[in-house]
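Colleague: 3D, please:
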Amino acid sequence: MKNFLLAIAIAFVLTSCSKDNSEKEILSPPAWIHGEWEVIHEMGVREIISIYKFTSDNIIITSDGMEDGPITISFREYAKRGAYKNLSETIKTDDFYEITFTSTGTAVYRFKKGDGTYIEYIGKIDGVSTETFRLDKK
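Modeller: Presented below is the predicted three-dimensional model:
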């Protein structure tokens, strides 16, 4: 009887616990940024089209037109694999959304809300501005 009660207690504890660290919500972008946003970069004779997709729990960037073919980066998956360390949301307001993470350096991705048809990206690596560009609603 004691073993049965112990098994029930362990089962209760295991099923009532919240998600473990590998499955917990890493990102939760604000509703105003959800959806797909596009930017076209002119790289000499090459045109790189990047789609930034914001969901309720992830940011996925797909770039096509690269020399080696299209690439896709899922922030949630990269963080789970340890490629992005210390991934956190540092600003989350009605007008700004910012994430910070460490890869080869400390990167900051800041997004500024536009008029609903666009958002603005402001990037920094190790405190130095890398680029600013506009992403249009897809």
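Colleague: so which helix or strand takes in K80?
Modeller: In this structure, K80 is located in helix 75-81 according to DSSP states H and E.
Colleague: I would like the residues contacting that helix, please.
Modeller: For helix 75-81, contacts defined as CB atoms under 8 Å, 6 or more residues apart in numbering pick out S22, I26, L27, D57, N58, I59, I60, Y84, K85, L87, I99, F101. (Each C-beta comes from the backbone N, C-alpha and C, glycine too.)
Colleague: Contact partners for the residue nearest to the spatial centre of the chain?
Modeller: What sits nearest the mean C-alpha location of the chain, by CA atoms, centre = their mean, is I59, with 3.3 Å. Each residue near I59 by CB under 8 Å, 6+ apart is listed here: L27, P29, Y52, K53, S74, F75, R76, I99, Y109.
Colleague: Pick the one among those residues closest to K137.
Modeller: Nearest to K137 among the contacts of I59, counting by CB to CB, is Y52 at 10.6 Å.
Colleague: Would you agree that closest one is in contact with H34?
Modeller: No: counting by CB atoms under 8 Å, Y52 stays clear of H34, with 11.1 Å between them.
Colleague: between these two, who's got more neighbours?
Modeller: More neighbours surround Y52 than the other of Y52 and H34, with 22 against 11 (other CB atoms under 10 Å).
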